[in-house]
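> Generate coordinates for the sequence data below:
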Amino acid sequence: MMTLEYDWWWGKRINNNIPASSQENTRPIEEHLQVIPFELKIIKQDFEKRSSELGKKIKNLEEEK
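Prediction:
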């Protein structure tokens, strides 16, 4: 059984450990959503480049056999 003081102390302890959001580093959700397609485009281009390079290496290794 908890006393009223303990219950108050426990709630204060938990609530004080929750970080407050800083308005300095916040961006609108629309801005976050615009970044994602751009990053995906870069990742896709990198993947296609590496796939092409690996395909060429595989072709060269098969020709050497």
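
> how about the helices in this protein?
4-16, 29-64 (DSSP state H).

> Please render those helices as CSV that adds mean pLDDT to the earlier fields.
Shown next, in CSV, are these (pLDDT from 0 to 100):
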stretch, mean pLDDT
helix 4-16, 73
helix 29-64, 90
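
> could those be laid out in TSV, adding mean neighbour count?
The C-beta positions use only the backbone N, C-alpha and C, and glycine is treated the same way. As requested, the helices of the chain are exported to TSV (neighbours: other CB atoms under 10 Å):
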stretch	mean neighbour count
helix 4-16	9
helix 29-64	9
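
> Nearest residue to the middle of the protein?
Ile36 (10.0 Å; CA atoms, centre = their mean).

> Could you check how far that one is from Gly55?
Separation of Ile36 from Gly55 (CB to CB, to the nearest Å): 28 Å.

> again with Gln34
Here Gln34 is placed at a distance of 33 Å from Gly55 (CB to CB).

> One more: Pro28?
From Pro28 to Gly55 the distance is 41 Å (CB to CB).

> for Trp10, same thing?
On the measure of CB to CB, Trp10 and Gly55 end up 61 Å apart.

> Could you do Glu30 as well?
38 Å.

> Also Leu4?
Taking CB to CB, one finds Leu4 at 71 Å from Gly55.

> since we're on Thr3, how many residues are nearby?
Thr3 has 8 neighbours, counted by other CB atoms under 10 Å.

> which phi and psi does it have?
phi -80, psi 160 (degrees, to the nearest 10).

> Renumber starting at 4 from here on
Sure thing, new numbering starts at 4, so read that last one as Thr6.

> For stretch 52-68, C-alpha coordinates in CSV please.
Extracted in CSV, the C-alpha atoms of stretch 52-68 (Å, rounded to 0.1, in the frame of the first residue of the first chain):
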residue,chain,number,x,y,z
LYS,A,52,25.5,1.2,-59.5
ARG,A,53,26.8,-1.5,-57.2
SER,A,54,24.6,-4.1,-58.9
SER,A,55,25.9,-3.1,-62.3
GLU,A,56,29.5,-3.4,-61.0
LEU,A,57,28.9,-6.8,-59.5
GLY,A,58,27.2,-8.0,-62.7
LYS,A,59,30.3,-7.0,-64.7
LYS,A,60,32.6,-8.8,-62.2
ILE,A,61,30.5,-11.9,-62.4
LYS,A,62,30.5,-11.8,-66.2
ASN,A,63,34.3,-11.4,-66.2
LEU,A,64,34.7,-14.3,-63.9
GLU,A,65,32.5,-16.5,-66.0
GLU,A,66,34.5,-15.6,-69.1
GLU,A,67,37.7,-16.6,-67.4
LYS,A,68,36.5,-20.1,-66.7
